[in-house]
Structures are given as structure tokens and as C-alpha cells.
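Novice: this one's sequence-less:
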């Protein structure tokens, strides 16, 4: 669960059934963050189901077999900080955390320690 880097283009599309709110391919917003997107599907986090109802989905370009770009790692902390400033977000969870057995992303190639270290820096 989880505004912008100034150098990143911001495109807004109002697609009522988009799979995620924000894509870190550049930075593309498909659904306003206050509206439900369909990124999580059947999901559960800390005993609460229907994660689409209370989470913001950020989609990164990478797979279990292919890593993530430096540009995504550079922009993600700023995006998370901006979302935290604008919304009552408390935690970050992976799709694999909220839909285990069904989703594997972001996978073992995602550098979680790097993200959390970057977020800890002011």
C-alpha cells in the first residue's frame, strides 16, 4: 500500500477499470488516487480483504526475471513521500504480500532495502 519528481511527465487518464493508479514507466497516472483501481484483485492485508478499496497501486516495470531500472528506483521514494503527504497511508505492501500464491510481483529482484533506506533519508 502505498507528487512527483519535477522531471517526470504527469499524464492523467480516467479509466474506470484500470489495473493500477500509477505506473512508474516515466510516471503515468491512470486513475485518480482517491478512486478505486483494480490492481490488487482478490486480496487481503492484515486481516482486511478487498485491498482495492483502501490502497493505491503503483505498477513498476520489471519481473521476477528482469530487474527494475535506476529511473524507477530514483523516482519511487519521491512518489511515495508525495502520496504519504497527501493521503493517510501507513504501510507499503507488495502484490505478493496481499495476494500470495496468485501474484509474485515485484519479486525477488526488487530491492526493498534500497527503497526503505531511500525513504528514511530526508
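Specialist: On my side now, so go ahead. Quantities reported herein were computed from a predicted structural model and do not represent experimental measurements. Numbers count the residues shown, from 1 in each chain.

Novice: C-alpha from now on. contacts and neighbour counts both.
Specialist: Noted.

Novice: And the helices in the chain, which stretches?
Specialist: All helices of the chain, identified by DSSP state H, fall at 70-86, 95-98, 112-120.

Novice: List the contacts of the residue nearest to residue 104 when sequence neighbours are not counted.
Specialist: Excluding the flanking residues, the one nearest residue 104 by Cα to Cα, 6 or more residues apart in numbering is residue 96, at 4.7 Å. Counting by Cα atoms under 8 Å, 6 or more residues apart in numbering, residue 96 touches 102, 103, 104, 105, 106, 107.

Novice: and which of the residues you listed is nearest to residue 117?
Specialist: residue 106 (17.6 Å; Cα to Cα).

Novice: got the contact list for that closest one?
Specialist: Counted by Cα under 8 Å, 6+ apart, residue 106 has contacts 60, 62, 63, 64, 94, 95, 96.

Novice: Go again with 10 Å.
Specialist: Shown in contact with residue 106 (Cα atoms under 10 Å, 6 or more residues apart in numbering): 59-64, 67-68, 93-97, 112.

Novice: same thing with residue 102?
Specialist: 41, 42, 43, 95, 96.

Novice: Of these, which is the most crowded?
Specialist: Highest neighbour count within those: residue 95, with 22 neighbours (other Cα atoms under 10 Å).

Novice: so what pLDDT did that one get?
Specialist: Looking at residue 95, its pLDDT is 89.

Novice: and if you look at residue 8?
Specialist: Per the predicted model, pLDDT is 29 at residue 8.

Novice: can you check residue 51 too?
Specialist: 91.

Novice: wait, doesn't it sit right on residue 97?
Specialist: No. Counting by Cα atoms under 10 Å, residue 51 stays clear of residue 97, with 11.1 Å between them.

Novice: can you list the weak-confidence ranges in the protein?
Specialist: 1-26, 122 (pLDDT under 70).

Novice: At which residues are the strands of it located?
Specialist: Along the chain, counting by DSSP state E, strands occupy 11-12, 22-23, 28-29, 44-45, 48-49, 58-59.

Novice: partner strands of the last one, parallel or antiparallel?
Specialist: Strand partners for strand 58-59, identified by DSSP bridges, are recorded as strand 22-23 (parallel).

Novice: Kind regards, and thank you for your time.
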